[in-house]
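Novice: after the sequence you'll find the predicted model.
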Amino acid sequence: MPTWNDSAPIYQQLADRLAVQLLDGAPPEGQPLPSVRQLAGQYLINPLTVSRALQALVDNGLVESRRGMGMYVLNGARSRLLKAERERFLQDEWPQLRAKLKRLGIQSTDLEWGTEQ
């Protein structure tokens, strides 16, 4: 069962989850997203909340609405999303992470790159 928190409106949290899926290539560019009803059932939320989340993706230029056909992933959506996420990470998350590593005395040689735990 999906969990939601109070950090942001549910529609934004859903839009963020869908954006992560797009970043991972699901669904591929040019392909349809699941319907509003399917997403509402999957995430156990109101269809209007799903519609707001999808509109946020439209507003960000990631998907488009095709009348009578549903929502489709736009070509170039993944690269736009990847660029925006990289910029956000480097501006917002990396400085905090770097400061924490320094506080804890963790050096780059202490980190194992490219290995899965």
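Specialist: On my side now, so go ahead.

Novice: from Thr3, how far off is the residue nearest to Pro27 when sequence neighbours are not counted?
Specialist: Nearest non-adjacent residue to Pro27, counting by CB to CB, 6 or more residues apart in numbering: Val73, 5.7 Å away. The way it works is simple: take the backbone N, C-alpha and C, and place the C-beta from them, glycine included. Here the criterion is CB to CB, to the nearest Å. By it, Val73 lies 25 Å from Thr3.

Novice: ok, those two, which is more surrounded?
Specialist: Neighbours were counted for Val73 and for Thr3 using other CB atoms under 10 Å; Val73 has more, 23 against 5.

Novice: buried ones in stretch 55-66?
Specialist: When burial is assessed from 16 or more other CB atoms under 10 Å, stretch 55-66 yields the following buried residues: 56-57, 62-63.

Novice: distance to Glu29 and secondary structure for those - can I get that in a markdown table?
Specialist: Shown next, in a markdown table, are the buried residues of stretch 55-66 (distance: CB to CB, whole Å; DSSP: H, G, I helix; E, B strand; the rest coil):
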| residue | distance to Glu29 | secondary structure |
| --- | --- | --- |
| Ala56 | 18 | helix |
| Leu57 | 13 | helix |
| Leu62 | 10 | coil |
| Val63 | 10 | strand |
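
Novice: rebuild those residues as JSON lines, extending it with distance to Pro9 and pLDDT.
Specialist: As requested, those are exported to JSON lines (distance: CB to CB, whole Å; pLDDT from 0 to 100):
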{"residue": "Ala56", "distance to Pro9": "10", "pLDDT": "97"}
{"residue": "Leu57", "distance to Pro9": "14", "pLDDT": "97"}
{"residue": "Leu62", "distance to Pro9": "18", "pLDDT": "97"}
{"residue": "Val63", "distance to Pro9": "19", "pLDDT": "97"}
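
Novice: ok, so of those residues, who is nearest Arg86?
Specialist: Closest approach to Arg86 among these (CB to CB): Leu62, at 15.5 Å.

Novice: from what I see, the closest one and Val20 are in contact.
Specialist: No. With contact defined as CB atoms under 8 Å, Leu62 and Val20 do not form a contacting pair (11.6 Å).

Novice: who's sitting farthest from the centroid in the protein?
Specialist: Centroid-distance maximum for the chain: Gly105 at 31.6 Å, with CA atoms, centre = their mean.
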